[in-house]
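Participant: no FASTA, just this:
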């Protein structure tokens, strides 16, 4: 079920507050709007994964363990590279991480206020 327009606005506000209050946690959750999927990473990663599968199969058919292990490592590296994200937003997050105590409490208090408003509206 899609979100209503009001719910979408509330969700956007919550995401914005989360990025302002705790950017390190927001980046770890992967919801940073500054980070995008890279087509170049995806293509190179898929090609590397396919090359790794080919090496793995060659290693299995020739019974050379080193080639099979190398193929597995190349395949894993390709999958990792394909799922990497480009982002310029990760550079300024560390200095403000120590100051997140007070804004976090205001964030929580605003959430509590919204919860109370919803409960009042339901009654």
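Facilitator: Structure received. What you see is a predicted model; the values in this text were computed from it and never measured.
Participant: Name the residues that touch stretch 110-123?
Facilitator: 10, 14, 17 (C-beta atoms under 8 Å, 6 or more residues apart in numbering). (Each C-beta comes from the backbone N, C-alpha and C, glycine too.)
Participant: Just the buried subset of these, please.
Facilitator: residue 17 (16 or more other C-beta atoms under 10 Å).
Participant: Can you name the residues that contact residue 42?
Facilitator: Per C-beta under 8 Å, 6+ apart, neighbours of residue 42: residue 82.
Participant: Distance check, it against residue 52.
Facilitator: For residue 42, the distance to residue 52 equals 15 Å [C-beta to C-beta, to the nearest Å].
Participant: Show me the longest helix that occurs in this structure.
Facilitator: The residue-count maximum for a helix in the chain (DSSP state H) belongs to helix 39-62.
Participant: got the buried residues for that one?
Facilitator: Residues of helix 39-62 classed as buried: 41, 45, 48-49, 52, 55-56, 59 (neighbour count, 16+ other C-beta under 10 Å).
Participant: And the strands in the protein, which stretches?
Facilitator: Here the chain has its strands, by DSSP state E, at 35-37, 85-87.
Participant: What distance do you get for the residue lying farthest from the centre of the chain to residue 73?
Facilitator: Among residues of the chain, the one most distant from the C-alpha centroid is residue 62; the distance is 39.4 Å, by C-alpha atoms, centre = their mean. Going from residue 62 to residue 73 by C-beta to C-beta gives 17 Å.
Participant: How much space separates the closest residue to residue 71 other than its chain neighbours from residue 63?
Facilitator: Leaving out its chain neighbours, the residue that sits closest to residue 71 by C-beta to C-beta, 6 or more residues apart in numbering is residue 55, at 2.9 Å. Using C-beta to C-beta, one gets 14 Å for the distance from residue 55 to residue 63.
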